[in-house]
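Asks: here's my sequence, what's the structure:
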Amino acid sequence: MTDSANKQAVDDAVKEIGKQPHVHTVTNPLSSDGQTAGLLSKDGRTAFAPVLMDVGSGELTEEIAGDVLDATHPAEKAGITTAAGGSIGSTLSTDESRTSEVVGIIAAMIILSLVLGSLVAMGLPIITAVVGLGVALASVGLVGHLLAIPSAGPTLATMIGLGVGIDYALFLITRHQDQLRDGMAIRESIAHAVATSGSAIVFAGCTVVVALLALGVAGIPLVSALGYASAMAVVAAVLVAITLLPAFLGLLGHRIHWAALPAFMRPGRRRDQGLWAKWAGVVHRHPWVVAGVSLAALVPLIIPVFSLELGQEDVGATSKETTERQAYDLISAGLGVGYNGPLQVASSLDPPAAPSEEYTQKYDRAMSLKSDLEKKQKELPQQKKQLQAEQAQLKDEQAQLEAEQASLERQSAQLQAQQADLERQAAALRGQQADLERQADRLRAEQRRLEAEQARLEARRDQLRREARRLAMQARPLVRELVRLRVQERVLERRIARAEQDGDEARVERLEARLDAVKAAQAAVQKKLAPLEKQARSLAQQARRLQAQAQRLQQQADVLQRQADSLARQKSELERQAASLRAQGNELQTQADELRAQADSLRRQGDALQQQAQELQKKADDLKAAQEQAEQEQKEAEQLQDELTQMMTAAGGDARGTDLRVVNLQTALSDTEGVATLTPPQINKKGDVVLLSAVPTTSPASDDTADLVEDVRDSVLPKTNTGTGTTSYVGGYTASYVDLASLISARLLLVIGTVILLGFLLLMVAFRSLLIPLQAAVTNLLSAAAAFGVLTAAFQWGWGIDLLGIDTASSTVPIASYVPLMMFAGLFGLSMDYEVFLVSHVQQHVHEGTEPRQAVHSGLVSSARITTAAALIMASVFASFILDPDPTIKQFGVGLSVAVLLAGLLVVTLAPAALVIFGRAAWWLPGWLDRVLPHISIEGEPTAPRHRGEEGAAVSYGRSEGLGDQAE
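Replies: Sure thing, here's the model as predicted:
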């Protein structure tokens with residue numbers, strides 16, 4: 001693309017596109033902005049140009065879109081392949097051939113011919129259906145000026161309008177033919193057919209319209225608009241069936257039988273002998289078997305529905321003949337599949353975006369560095385030359401000083417050797433002194449122990465002395481008393497002796513008595529002195545032991561003193577040796593001082609040189625620092641330039657894109673798993689809105705892309721924007737369908753419940769029964785579930801997807817989220833038509849008095865042929881839309897055709913079997929409810945008075961007695 005010729009062609013094409021009407025802007029993918037935004041592939045062979053229109057996609061016409069694509073002619077002329085995607089491509093890819101409608105009409109014509117037996121009769125349903133379809137499409141076009149009708153709306157209206165239009169006409173024409181065969185007059189037959197089948201058509205159409213309008217409860221404009229468009233088609237079909245068709249019947253008269261088919265191809269007149277009569281007999285005899293087989297046959301079809309996932313449309317599944325598919329494939333191959341559905345992250349900023357402080361600082365710093373570098377480039381070379389000359393002179397002076405320093409170093413080495421020897425001697429002396437100190441410490445410890453022991457002995461000696469004094473004090477008065485008594489004894493003995501000499505016996509006796517008393521007193525005193533004497537002897541022994549210990553301690557003290565004297569002498573000798581060593585050390589110190597003085601002199605000279613060297617080194621360092629600073633500034637300037645370029649590139653060339661909030665958004669989105677790339681931000685003029693496009697790694701229809709949308713919304717953006725004044729929203733093609741799928745999933749049950757409830761109420765009013773509406777609802781649910789299962793297997797599982805005409809890179813196609821919802825509403829209403837047609841025939845026989853189970857047999861015989869024919873016609877019409885290139889329309893075609901076909905089969909199998917099983921209970925209605933409900937008749941037949949059943953149930957009976965009969 002960047003080759004000169006191709007680039008010029010692309011430039012010309014972009015200019016031409018910009019000139020087209022309603023083109024607001026177009027971005028050139030080869031411009032710097034375009035390449036920054038990622039509009040050009042890495043290999044340079046693929047590019048895309050975003051075109052912003054000033055009209056919405058709903059107002060984009062094929063003419064406007066065609067002008068834009070035609071403007072790429074300069075590129076095509078140069079050999080460049082061009083294609084249009086987006087809304088322009090979708091507009092140009094609309095299929096206007098109507099091939100599917102033609103195929104559906106042809107299939108309906110064949111079936112109608114066989115059912116009606118006449119080509120003229122066959123043409124009437126086709127004509128009226130086409131007229132009704134034209135009215136419906138015109139109405140949709142008019143309403144499209146008031147409401148936004150999706151592009152699929154007219155197609156869906158066409159599918160349903162054609163189907164119901166042909167079926168409704170078939171119901172009325174077959175009733176008219178049967179009445180003519182029974183001999184009724186033409187005018188009366190037409191009137192009676194309108195009054196009966198026409199009334200049933202109106203009721204059936206109402207059920208379809210109610211089911212389609214019930215889509216409005218979902219509150220989703222897209223789904224509601226599709227429901228409105230389809231409902232208008234049904235209303236038009238009903239109106240044409242009860243107005244234009246009777247007029248045609250009146251104009252044709254008996255000519256309705258013209259161009260009859262051969263007899264063997266026409267339907268037989270006797271209904272009680274045909275295939276359906278036999279089948280009705282089987283159902284009547286074996287209702288449980290028929291019901292069981294019907295349900296068993298549905299099971300394998302229903303199973304896939306449990307894996308149904310609502311997805312989104314993907315252009316990658318459309319026809320390769322369309323320009324939107326061609327654009328999709330080109331972008332996928334050249335840039336990546338995610339470029340077909342980028343996430344548009346729109347954010348409001350309060351306050352508006354502004355260049356970040358980091359960007360401003362870097363920009364100012366870059367400008368400052370640029371000016372400083374220019375100045376240094378002029379000054380640094382001159383400073384370098386001057387510094388080199390001064391360094392050479394300093395080297396010479398440094399060499400001379402180094403020689404003198406070498407001599408001093410040798411002398412210093414000798415002194416250091418002598419000092420080392422003295423230090424070794426001093427160390428030895430210190431060792432001896434340490435040994436003496438240890439011995440002295442031991443002696444001192446021993447002396448302290450002896451002193452403590454002596455102190456203890458002295459204390460004990462003092463204690464003994466005190467004890468001795470105490471004993472002496474105690475014994476002293478006793479001794480004195482003993483001495484006094486002994487003196488008395490001697491005095492008395494001398495007196496006794498003299499008395500004996502005198503012969504004075506009386507006196508002798510008195511004196512001897514006194515002497516005995518004195519001796520007794522002496523004995524008492526001696527007895528008291530005995531323990532004291534014993535203690536005194538004990539104390540004397542202890543004193544002698546203490547004296548012996550004191551002598552031993554004194555001897556030990558003398559030994560220790562002699563050892564201490566010896567240690568003192570050794571210490572004195574060591575001190576003398578230490579003094580000698582100190583003297584030698586002082587002498588060496590003197591020599592060292594002399595050397596130190598010389599060294600100081602040299603050091604001063606060295607300091608002077610060093611100062612000069614430092615000055616030169618400082619100059620060199622300054623110069624080197626200036627050079628390094630210049631180099632650093634150069635690197636910094638280059639780095640700043642790269643950073644500023646990267647910031648501006650990331651900001652899309654707008655400095656406001658460096659706002660921290662925008663940068664954080666970019667970082668958070670880029671780091672999110674599943675994001676392949678992020679385009680630069682687009683900021684409006686005010687700066688309060690920024691747009692980022694995140695390109696996923698997966699296709700728009702991928703579940704991973706839907707998960708990415710949820711992750712960005714629920715996790716990435718809230719975490720990034722909290723507290724920043726930023727509010728972000730995720731939009732774009734993929735996000736819109738994710739939202740739609742989420743809304744539909746949330747409201748699907750509500751819509752289904754509403755449709756079922758309304759259908760139940762309508763049938764309950766029409767047939768005055770509880771079990772019949774319940775049976776109809778269950779039958780329709782089963783057919784819908786089976787149709788959803790077939791749809792899931794065909795598209796989501798990819799079974800036979802090639803047969804459906806879908807050519808896609810993936811083996812599967814996601815089911816558009818609104819398809820099941822629309823299918824259910826439309827199917828419920830359409831299948832109710834067959835229920836109404838069957839049950840109304842059964843009810844007619846019940847009103848005529850036929851036993852309920854037999855009435856089912858008769859009603860099935862009379863209605864089965866038309867019911868199955870109508871189902872085949874509608875299924876054929878729906879199936880023909882599988883030929884439509886739009887994969888969503890194909891899904892409608894597959895789903896509705898299968899659903900209608902199954903509904904038709906169930907109406908002739910499961911439904912009558914259920915009615916046979918129910919028997920009379922099928923027509924039971926509580927009395928209070930019967931009084932509340934309004935009385936209507938589906939086919940305009942009068943209703944007879946109510947009669948009580950055997951068990952008190954209210955049963956309604958009626959009869960068909962022709963157009964002029966009155967109610968009894």
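
Asks: part of a helix, is Gly723?
Replies: No: secondary structure of Gly723 (DSSP: H, G, I helix; E, B strand; the rest coil): coil, not part of a helix.

Asks: look up how far Lys686 lies from it.
Replies: Here Gly723 is placed at a distance of 22 Å from Lys686 (Cβ to Cβ, to the nearest Å). (C-beta placed from N, C-alpha, C; glycine too.)

Asks: these two: who's more crowded?
Replies: More neighbours surround Lys686 than the other of Gly723 and Lys686, with 9 against 5 (other Cβ atoms under 10 Å).

Asks: need the three-state assignment for that one.
Replies: coil.

Asks: tell me the strands in this structure, going along the chain?
Replies: 23-26, 51-53, 310-311, 343-349, 675-678, 682-683, 689-696, 726-731, 815-816, 947-948, 954-955 (DSSP state E).

Asks: got JSON lines for these, with mean pLDDT too?
Replies: Below are the strands of the chain laid out as JSON lines (pLDDT from 0 to 100):
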{"stretch": "strand 23-26", "mean pLDDT": "87"}
{"stretch": "strand 51-53", "mean pLDDT": "88"}
{"stretch": "strand 310-311", "mean pLDDT": "74"}
{"stretch": "strand 343-349", "mean pLDDT": "90"}
{"stretch": "strand 675-678", "mean pLDDT": "85"}
{"stretch": "strand 682-683", "mean pLDDT": "85"}
{"stretch": "strand 689-696", "mean pLDDT": "89"}
{"stretch": "strand 726-731", "mean pLDDT": "91"}
{"stretch": "strand 815-816", "mean pLDDT": "81"}
{"stretch": "strand 947-948", "mean pLDDT": "36"}
{"stretch": "strand 954-955", "mean pLDDT": "34"}
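
Asks: how about JSON lines for those strands, with distance to Phe248 and mean neighbour count added?
Replies: Converted to JSON lines, the strands of the chain look like this (distance: least, Cβ to Cβ, whole Å; neighbours: other Cβ atoms under 10 Å):
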{"stretch": "strand 23-26", "distance to Phe248": "50", "mean neighbour count": "15"}
{"stretch": "strand 51-53", "distance to Phe248": "47", "mean neighbour count": "18"}
{"stretch": "strand 310-311", "distance to Phe248": "44", "mean neighbour count": "22"}
{"stretch": "strand 343-349", "distance to Phe248": "54", "mean neighbour count": "21"}
{"stretch": "strand 675-678", "distance to Phe248": "61", "mean neighbour count": "20"}
{"stretch": "strand 682-683", "distance to Phe248": "61", "mean neighbour count": "20"}
{"stretch": "strand 689-696", "distance to Phe248": "56", "mean neighbour count": "22"}
{"stretch": "strand 726-731", "distance to Phe248": "51", "mean neighbour count": "17"}
{"stretch": "strand 815-816", "distance to Phe248": "38", "mean neighbour count": "26"}
{"stretch": "strand 947-948", "distance to Phe248": "42", "mean neighbour count": "10"}
{"stretch": "strand 954-955", "distance to Phe248": "40", "mean neighbour count": "18"}
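
Asks: out of the ones you listed, flag the one nearest Ile88.
Replies: Nearest to Ile88 among the strands of the chain is strand 51-53 (6.7 Å), distances taken as Cβ to Cβ.

Asks: neighbouring strands of the closest one in the sheet, and parallel or not?
Replies: Its sheet considered, strand 51-53 pairs with strand 23-26 (antiparallel) by DSSP bridges.

Asks: how far does the partner strand sit from the chain's center?
Replies: 37 Å (Cα atoms, centre = their mean, to the nearest Å).

Asks: list of residues touching it?
Replies: With contacts defined as Cβ atoms under 8 Å, 6 or more residues apart in numbering, strand 23-26 is touched by 14, 17-18, 49-54, 68.

Asks: for the closest residue to Ala260 other than its chain neighbours, give me the pLDDT.
Replies: Distances taken as Cβ to Cβ, 6 or more residues apart in numbering place Ser118 nearest to Ala260, at 4.8 Å, with adjacent residues excluded. Looking at Ser118, its pLDDT stands at 80.

Asks: which residues does Ser118 contact?
Replies: 256-261.

Asks: highest neighbour count among these?
Replies: Ranking these using other Cβ under 10 Å puts Ile256 first, with 22 neighbours.

Asks: is it true that that one touches Ala121?
Replies: Yes: with contact defined as Cβ atoms under 8 Å, Ile256 counts as touching Ala121 (5.1 Å).

Asks: find residues that contact each of these two.
Replies: With Cβ under 8 Å, 6+ apart, Ile256 and Ala121 have common neighbours 173, 177.

Asks: now the residue most central in space within the chain, nearest residue through space, not along the chain?
Replies: With distances taken as Cα atoms, centre = their mean, Asp711 lies nearest the centre of the chain, 4.4 Å away. In this structure, Asp711 finds its nearest non-sequential neighbour in Thr672, 6.6 Å apart by Cβ to Cβ, 6+ apart.

Asks: ok, now which ones touch the one you found?
Replies: Thr672 neighbours (Cβ under 8 Å, 6+ apart): 694, 708, 711-712, 716.

Asks: out of those, who's nearest Ala107?
Replies: Nearest to Ala107 among the contacts of Thr672, with distances taken as Cβ to Cβ, is Leu708, at 43.5 Å.

Asks: on that earlier part again, and the residue nearest to Asp711, its phi and psi?
Replies: phi -70, psi 130 (degrees, to the nearest 10).
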